[in-house]
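Asks: Structure of the sequence below:
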Amino acid sequence: MATPPQRPGFPARIDLGSRPTAGVSRPGTPRPAPRSVEGGTAASAGAPAAVRDSIPARARMVQQLMAEGISDPLVLRAMGSVDRHRFVDSALVPQAYEDTALPIGLGQTISKPSVVARMLELLMQGGLKGDNGKLGRVLDIGTGCGYQAVVMGQIATEVYSIERLRDLHEKARANLRPLRIANVHLILGDGMAGFPSGAPYAGIVAAAGGEAVPDAWIDQLAYGGRIVAPVASAPGQQALMVIDKSRSGLRQTILEAVNFVPLKSGVA
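Replies: So this is what the prediction gives:
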């Protein structure tokens, strides 16, 4: 693989909404060393119980994921290390560690933990991994509130996460800013076009489903890489699709029924 161009540091803002090429903000002062999100943050005495109890709540969530068949140790560790309550509105914090999708505004949702874990485990089973067992550079289509991108940052060396809705992009930036995660880069742009500047990708995951997987994603996927994305399986229905790319061609596998928001083009 050719040496990629220099990557933006956190908090990166790559705005594709007003022009075809990306502009990256680079702070002029040195940034602090990246901090792990594992263990969460100390909660104040007046914080909601769901926040104070986030560590045992995450542990129970991981136990439930294991009971449902998730077994990849890196995925389980990642799911157990990220504070999901940071990414939902305060009124929904008590539900943060339940296996349910929650609204994040603009008609979008944060995916159920079981769905996030399932998709990332599928990615780990087929994506290109390094000596440390982690995936290489990956592309996350549909940043939303940023939760999945942060979880992906625990199992991959580098994450590019793209969101077409400006307000959600800004919300994700606000959610990630205090975490200082250096290997997750947020992009405002058209997810259907992918992000060619970061290609080739070891894996691509989408949190929105269209009639088919865009050709741009396949073009930007490295040989040996894997795409995990929902696609239309029948009118009004979706199924999870896995695409593996090799030099001999593509292998597509249709899995279980899922329910994601529609994949749309453009920036709004």
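Asks: Run through the strands of the chain in chain order.
Replies: 13-15, 102-105, 108-110, 135-141, 156-163, 184-188, 201-206, 208-209, 221-234, 237-246, 249-258, 261-262 (DSSP state E).
Asks: And the second one, what does it pack against?
Replies: In terms of contact count using 3 or more Cβ pairs under 8 Å, 6 or more residues apart in numbering; DSSP states H and E, strand 102-105 is assigned the packing partners strand 108-110, helix 166-176. Backbone N, C-alpha and C define where each C-beta goes, glycine included.
Asks: what's the closest of these to Pro200?
Replies: Of all the helices and strands packed on strand 102-105, it is helix 166-176 that lies closest to Pro200, at 24.0 Å by Cβ to Cβ.
Asks: tell me the mean pLDDT over the closest one?
Replies: Averaged across helix 166-176, pLDDT comes to 97.
Asks: buried stuff in that helix?
Replies: Leu168, His169, Lys171, Ala172, Arg173, Asn175, Leu176 (16 or more other Cβ atoms under 10 Å).
Asks: correct me, but the fifth one touches His185?
Replies: No - taking contacts as Cβ atoms under 8 Å, Arg173 lies outside contact range of His185: 10.7 Å.
Asks: Neighbours of Met66, how many?
Replies: Around Met66 there are 13 other residues, counting by other Cβ atoms under 10 Å.
Asks: now swap in Ser81 and tell me
Replies: Residues near Ser81, counting by other Cβ under 10 Å: 18.
Asks: My guess is it contacts Gln154. True?
Replies: Yes - between Ser81 and Gln154 there is a contact under Cβ under 8 Å: 6.0 Å.
Asks: Throw the buried residues of helix 166-176 into CSV and include distance to Ala239, thanks.
Replies: Converted to CSV, those look like this (distance: Cβ to Cβ, whole Å):
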residue, distance to Ala239
Leu168, 25
His169, 28
Lys171, 29
Ala172, 27
Arg173, 32
Asn175, 30
Leu176, 31
